[in-house]
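>>> sequence below, structure please.
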Amino acid sequence: MPLHGQIAANRVETTARMLTSSLRVSEFKLERGGAHLVLLSAGEAEIVQGEWTLVITAPGLAWLPAAGPVGRLRLNAGSRGSLLKTTEIGLAHAMPTGTSAMTVRSTLQRALTQTLTEKDRQELAGYLDTIADENFRSTTGSDTIIASLLSVTLIRICQHAMADVAGAASTAGSLTERFVLLVSQHKRDQWGVEDYAGQLGVNRERLGFAVRKATGLSPQAYIHRELLSEARDLLLNSSLQVAEIAFRLGFQDPGYFNRFFTRNEGTSPGRFRRMGMRMQTIPPPSYAAWP
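Presented below is the predicted three-dimensional model:
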């Protein structure tokens with residue numbers, strides 16, 4: 001795969017590279033500890049994180065925040081695009097100031113998929129191309145240029161996300177909104193996708209299409225994401241034992257909960273809690289440090 005320069009990872013906080021796939025599927029590892037932006041200019045790609053799968057169709061993008069399990073990017077044959085990676089320090093340097101900072105920060109704390117117009121895709125591709133060139137040059141002022149372009153890119157992603165939310169909200173009582181509400185009410189009941197589809201009066205395929213279009217996730221992946229979010233919150237902010245958390249979330253077997261959490265987070269519930277306690281004692285640079 002062509003790469004703009006050989007980059008010293010310990011010196012550069014934000015890097016970009018061009019992605020091309022030949023006549024077969026190409027796979028890239030998305031490393032832990034960094035946020036990723038995948039911008040697709042042609043073809044289709046998938047991002048797999050545990051049991052979650054995000055599908056990107058050109059022209060489109062996917063944003064993955066720094067927090068989350070290690071993932072893989074699968075680029076279908078003939079597909080092209082760009083991959084940007086930035087550390088939390090890189091994000092902090094690029095974060096806009098003023099009233100927009102809080103909105104951008106909160107938006108970028110979750111995974112996003114967006115369908116773009118060709119004009120919007122070309123604009124973002126230009127920013128990533130320039131970042132890749134500056135990675136290669138690494139001359140005086142390169143860090144400032146990269147931070148500035150990353151800042152504009154983050155704002156654009158946030159603007160597109162807000163437009164998508166506004167569009168979805170304009171359809172009152174949409175299928176996805178009703179699904180999201182049901183998940184919030186019944187995720188601890190361990191309902192399956194068929195249960196939700198039946199309650200909503202649609203078939204599984206119709207529900208899957210609507211939820212994937214609105215969230216970028218399959219219904220099952222969305223349910224799992226909500227369960228994991230609550231599990232992380234209980235592990236970090238309650239004194240409940242791991243088995244008690246498992247039962248509270250509707251898992252009849254604590255061992256299955258342990259495997260479910262480990263498969264998706266890359267670490268066991270107990271280890272996740274211990275790591276969180278250490279981070280609270282000595283907080284590293286994080287989103288909380290953004291202006």
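>>> quick one: the strands in this protein, in order.
Using DSSP state E, the strands of the chain run over 14-20, 26-30, 35-42, 44-49, 52-57, 60-64, 71-75, 80-86, 112-115.
>>> least confident of the ones you listed, on average?
Here the lowest mean pLDDT among the strands of the chain goes to strand 52-57, at a mean of 84.
>>> pull up the pairing partners for that strand, direction included.
Under the criterion DSSP bridges, strand 52-57 sits next to strand 44-49 (antiparallel) in its sheet.
>>> between the partner strand and strand 60-64, what angle do the directions make?
Angle of strand 44-49 versus strand 60-64, following axes from the mean of the first three to the mean of the last three Cα atoms, to 10 degrees, is 10 degrees.
>>> what's in contact with strand 44-49?
30, 38, 53-58, 62, 64, 68-76, 79, 81, 264 (Cβ atoms under 8 Å, 6 or more residues apart in numbering). In short, each C-beta sits where N, CA and C put it, glycine included.
>>> and it, what's buried?
Under the neighbour-count criterion of 16 or more other Cβ atoms under 10 Å, strand 44-49 has 44-47, 49 buried.
>>> generate TSV for these, with distance to Val211 as supplementary columns.
Listed next are the buried residues of strand 44-49 as TSV, based on distance: Cβ to Cβ, whole Å:
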residue	distance to Val211
Glu44	19
Ala45	19
Glu46	16
Ile47	17
Gln49	17
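>>> go through those residues and name the one nearest Phe247.
Nearest to Phe247 among the buried residues of strand 44-49 is Gln49, at 26.1 Å by Cβ to Cβ.
>>> Ser138: how many residues sit nearby?
Ser138 has 14 neighbours, counted by other Cβ atoms under 10 Å.
>>> can you pull the pLDDT of it?
pLDDT at Ser138 comes out at 83.
>>> so it versus Met95, what's the distance?
In this view, Ser138 and Met95 are 23 Å apart by Cβ to Cβ, to the nearest Å.
>>> quick check: longest helix in this structure by residues?
Assignment by DSSP state H gives helix 142-169 as the longest helix of the chain.
>>> same for it, what does it pack against?
Applying 3 or more Cβ pairs under 8 Å, 6 or more residues apart in numbering; DSSP states H and E, we find helix 142-169 packed against strand 14-20, strand 80-86, helix 88-94, helix 100-107, strand 112-115, helix 118-137, helix 175-186.
>>> gap between the two ends of stretch 213-221?
The first residue of stretch 213-221 is 13 Å away from its last residue (Cα to Cα, to the nearest Å).
>>> contacts only, for Gly43.
By Cβ under 8 Å, 6+ apart, the neighbours of Gly43 are 21, 58, 75-81.
>>> between those, which sits nearest Gly192?
Using Cβ to Cβ, these come closest to Gly192 at Asn76, 29.2 Å.
>>> just give me the closest of the contacts of Gly43 to Met275.
Of all those, Leu75 has the smallest distance to Met275: 31.7 Å, by Cβ to Cβ.
>>> still on that earlier bit, state the mean pLDDT of the longest helix of the chain.
What helix 142-169 shows for mean pLDDT is 84.
>>> now do that helix against strand 60-64, angle only.
Using the same axes, to 10 degrees: helix 142-169 against strand 60-64 is 110 degrees.
>>> just give me the neighbour total for Phe260.
Neighbour count of Phe260, defined by other Cβ under 10 Å: 21.
>>> also Phe261?
Using other Cβ under 10 Å, Phe261 is surrounded by 27 other residues.
>>> for it, give me the pLDDT.
At Phe261, pLDDT is 92.
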